[in-house]
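J.: any chance you can model this:
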Amino acid sequence: MQHTNVQSSKLFKVIILALMGTISLLLFILNFPVLPGFGYLKIDFSDIPALVAALIFSPLAGVIVEAIKNLLYLAIGGGEPVGVTSNFLAGVMFIVPAAFLYHKHKNMKSIVFGLIIGTIIMTIGMSILNYLVFLPIYAWFMGMEQMKIESVKWYTVMAGILPFNVIKGIIVGALFVPVFIKMRRWIEQKQADVL
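T.: I've put the predicted structure just below:
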């Protein structure tokens, strides 16, 4: 009997992760720019299903949903590997602190605090990664010659990437809080089903 419960619990987890990954992909495709002059930096709400999965199961489940979304996006020809990798890392930096704090304290305050910390980590982390890794890759391998100029690279990070991630964290976080309030009982029920 115990063996059957473990199997059905694993199957439930796989189904939820696949479902959240697919919903995440659909939300990823529905995106919009927010900064004039940086039209390629687009906000979407694809981190929300990853957050839900991370709260039901663990931070790792959220990471898996982020991976499923980005791999599916690559598979349908929606993007190139550098942008997809960048999106995956940004999503992980954003959702893991919120999920970690929620599992530690299981209250609303931990969600809000976690989303704020996640926004800060994502903003700083993506600014550094873009400056040191992603923008140089675009410059050398994808023909964005202007990114070889230090001042252009610095401007792109400070005027584009940094404020974009702050805005993204605030908008996605502000949307997730009411979603969590509405789904809290369902999330807690699903946690009980998994235990």
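J.: what is the mean pLDDT for the longest helix along the chain?
T.: When the chain is parsed with DSSP state H, its longest helix is helix 162-194. Across helix 162-194, pLDDT averages out at 90.
J.: roughly how far out does it sit from the chain middle?
T.: How far helix 162-194 lies from its chain's middle: 11 Å, per CA atoms, centre = their mean, to the nearest Å.
J.: counting by contacts, list what that helix packs against.
T.: helix 2-29, strand 42-43, helix 47-56, helix 81-105, helix 108-129 (3 or more CB pairs under 8 Å, 6 or more residues apart in numbering; DSSP states H and E). Backbone N, C-alpha and C define where each C-beta goes, glycine included.
J.: out of these, which is the most enclosed?
T.: Neighbour counts (mean count of other CB atoms under 10 Å) averaged over each of the helices and strands packed on helix 162-194 peak at helix 47-56, with a mean of 28.
J.: show me what that one is packed up against.
T.: Using 3+ CB pairs under 8 Å, 6+ apart, helix 47-56 sits against helix 2-29, helix 59-75, helix 81-105, helix 162-194.
J.: quick revisit: which stretch in the helices and strands packed on helix 162-194 has the least confidence?
T.: When I compare these, helix 2-29 is least confident, with a mean of 85.
J.: centre of the chain to that helix, how far?
T.: Relative to its parent chain, helix 2-29 has a centroid offset of 17 Å by CA atoms, centre = their mean.
J.: which other helices and strands contact the helix or strand immediately after that helix in the chain?
T.: Where DSSP states H and E defines the elements, the next helix or strand beyond helix 2-29 is strand 32-33. In terms of contacts (3+ CB pairs under 8 Å, 6+ apart), strand 32-33 is packed against strand 42-43.
J.: which residues does the strand it packs on contact?
T.: Applying CB atoms under 8 Å, 6 or more residues apart in numbering, the contact partners of strand 42-43 are 31-34, 164, 167-168, 171-172.
J.: pull out the buried members of those residues.
T.: With neighbours counted by 16 or more other CB atoms under 10 Å, the contacts of strand 42-43 contain buried members at 164, 167-168, 172.
J.: okay, the angle between the longest helix of the chain and helix 108-129?
T.: Helix 162-194 runs at 130 degrees relative to helix 108-129, counting by axes from the mean of the first three to the mean of the last three CA atoms, to 10 degrees.
J.: how about helix 162-194: buried residues?
T.: For helix 162-194, by 16+ other CB under 10 Å, it's 162-165, 167-169, 172-173, 176, 180, 183, 187, 190.
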